[in-house]
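Participant: Give the three-dimensional model of this entry:
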Amino acid sequence: MEAFIIANMAPIMFASLVVVLLLGYPVAFALAFNGLFWGIIGISLGLFHPTFFQALPERIFGVMGNETLLAIPFFTFMGLILERSGMAEELLETVGQLFGPIRGGLAYAVIFVGALLAATTGVVAASVIAMGLISLPIMLRYGYDRRLASGVIAASGTLAQIIPPSLVLIVMADQLGKSVGDMYEGAIVPGLVLSSLYAGYILLVTLIKPHFAPALPKEFRTLKGFQLLVRVVVALVPPLILIFLVLGTIFIGVATPTEGGAMGAVGALALAAIKRRLNWGIVRQALESTTKLSAFVLFILIGSRVFSLTFYGVDGHVWVEHLLTGLPGGVLGFLVVVNALVFVLAFFLDFFELAFIVVPLLGPAAAHLGIDLIWFGVLLGINMQTAFMHPPFGFSLFYLRSVAPKVPYKDRVTGILTQPVTTGQIYWGAIPFVCIQILMIGLTIAFPGMVMRYQHVDHSAPPAAIDTQQPAGGPDFNTGQPNFGATPAPAPESGAPAAPNFGTTPAPSGLEAPTDGPNFGNAPTPEAPAEQPAAPNFGTSSG
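Facilitator: The predicted model follows:
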């Protein structure tokens, strides 16, 4: 029995983690418990020296000193202040009047405002709740199909997952050891394409079933001509200024993502003050919510460090990499299996949990296959977006359910008794948009140039076809032609261990192999250079 456990410690650890998570224990404590429990067993079996856990304090202090993660509380605070400043309400009313004369106009307005809110707040809950409270009653008032109205609101709110300054992309870049600025630049085009696909679906619905999304009646289109133009300018200028303040400064290299988030938080406070909605109550609520989310992320990250210390100590990273790189179909087979795995896990795990548990295990295998990690991170971000959408555990659906009417109510404008929105209607409305997101995953795989533009290279030539065999070499960064962009790990030299050399790719900061602790019989750890190099930056912005 002991020999079996020693030979299969890595898969046993992973299986036990899955079991503990399915039992409903908090993720952070499940990770820490499994790491400590199997670490003690490993010591008792002679796999480790009793001083094995001496590396743990430095790994935890490394989490506390990670400046990249400072962007999370800044962007969260900015989004919560903006939600309470009335910007979302003003945008929805104005854009609704602008698109009102066309069939499906309110749905287009929701998609447009959802994309704009995503580029300013980066918080899914704020977007979904704001649009659910403001837009859903209006769409029901004017005869929109309940499934269509629910689906478009939930889907548009989740655009905050992929359109910068997304919190998901910050964590993804941190875990893959890449620049947050590069991740932001790579995600812009896919985010806009996804928004266009949502709008295309609305257009298709209005052509097939026009009664599902009627135009706004003339008597309710109160703004016209110059008055409407002034209202549009007044409503759009503040968020556009904020977008430039946050994203523009990051892309042109003036500010890091953390500094951009700090400027965005100050800008949100200024915007709320201009609208005369800034008071201590709003600031206190935003600070409390930001503190809770930041503590949630930090505890998961600390738990993942405890788990990874033992997991990497038993060569778990080598087991995962051999398992994934040995899949049939080469790169394409790897991408299909990984995306299917993430899609299924998203039924049960939050995107933060996926980012801290799964992504660090997938990153080294992707780099070994020659896949660009920025492209890979954006692809996984699009996939994780479905975690907010697909029934029955999608968080966007829960947010919408919390604000959607549950009982019949009398409309405050028409005075007509309006029927509630059922949970089943919310779920059915989300399914077409989940299918659109799956289509977007396929488009990102088929056209990697959408993301690879972050390298600022010429993509006029068609992207290279996916090689179904393991790539023999890396890409040419002068042409941007992948094997999906990254340089694969070099083949081991004679006499070197079979484990891949992780010295060529920065270790992810979540489940990374300890480089500062003792080495107890595992693959040799590369010597740390005199100065730790920053994440590779292939000619992109300094963020």
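Participant: for the stretch 1-150 of the chain, what spans make up the helices?
Facilitator: Per DSSP state H, counting those that start in this stretch, the stretch 1-150 of the chain carries helices over the ranges 2-7, 9-22, 27-44, 56-64, 71-84, 87-99, 105-118, 124-141, 146-157.
Participant: Packing partners of the fifth one?
Facilitator: Identification of packing neighbours for helix 71-84 by 3 or more C-beta pairs under 8 Å, 6 or more residues apart in numbering; DSSP states H and E yields helix 124-141, helix 167-176, helix 257-274, helix 280-313. Backbone N, C-alpha and C define where each C-beta goes, glycine included.
Participant: now that helix and helix 280-313, what's the angle there?
Facilitator: Angle, helix 71-84 to helix 280-313, by axes from the mean of the first three to the mean of the last three C-alpha atoms, to 10 degrees: 150 degrees.
Participant: Over to the second one?
Facilitator: Direction vectors for helix 9-22 and helix 280-313, defined by the same axes, to 10 degrees, enclose an angle of 150 degrees.
Participant: Which elements pack onto helix 9-22?
Facilitator: Counting by 3+ C-beta pairs under 8 Å, 6+ apart, the packing neighbours recorded for helix 9-22 are helix 27-44, helix 280-313, helix 316-325.
Participant: Give me the contacts around that helix.
Facilitator: For helix 9-22, contacts defined as C-beta atoms under 8 Å, 6 or more residues apart in numbering pick out 5, 27, 30-31, 33-34, 37-38, 42, 47, 307, 310-311, 314-316, 319-320, 348-349, 357.
Participant: In this structure residue 63 contacts residue 299, no?
Facilitator: No. At 10.0 Å, residue 63 does not count as touching residue 299 under the criterion of C-beta atoms under 8 Å.
Participant: Reformat the helices and strands packed on helix 9-22 into TSV and put mean neighbour count, mean pLDDT and distance to residue 443 next to each item.
Facilitator: Output for the helices and strands packed on helix 9-22, formatted as TSV (neighbours: other C-beta atoms under 10 Å; pLDDT from 0 to 100; distance: least, C-beta to C-beta, whole Å):
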stretch	mean neighbour count	mean pLDDT	distance to residue 443
helix 27-44	20	87	31
helix 280-313	19	86	30
helix 316-325	20	79	23
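Participant: and the ones you listed as CSV, adding distance to residue 375?
Facilitator: Shown next, in CSV, are these (distance: least, C-beta to C-beta, whole Å):
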stretch, distance to residue 375
helix 27-44, 27
helix 280-313, 24
helix 316-325, 17
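Participant: So which of these is nearest residue 198?
Facilitator: Nearest to residue 198 among the helices and strands packed on helix 9-22 is helix 280-313 (26.4 Å), distances taken as C-beta to C-beta.
Participant: between that closest one and helix 124-141, how many degrees?
Facilitator: Here helix 280-313 runs at an angle of 120 degrees relative to helix 124-141 (the same axes, to 10 degrees).
Participant: just checking, what packs against helix 280-313?
Facilitator: Partner elements for helix 280-313 (3+ C-beta pairs under 8 Å, 6+ apart): helix 9-22, helix 27-44, helix 56-64, helix 71-84, helix 351-357.
Participant: could the ones you listed be laid out in a markdown table, adding distance to residue 124?
Facilitator: Conversion of those to a markdown table gives the following (distance: least, C-beta to C-beta, whole Å):
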| stretch | distance to residue 124 |
| --- | --- |
| helix 9-22 | 22 |
| helix 27-44 | 18 |
| helix 56-64 | 24 |
| helix 71-84 | 9 |
| helix 351-357 | 9 |
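Participant: For residue 409, find the nearest of the ones you listed.
Facilitator: From those, taking C-beta to C-beta, the stretch that ends up closest is helix 71-84, at 23.5 Å.
Participant: Since that was my last question, I'll sign off now.
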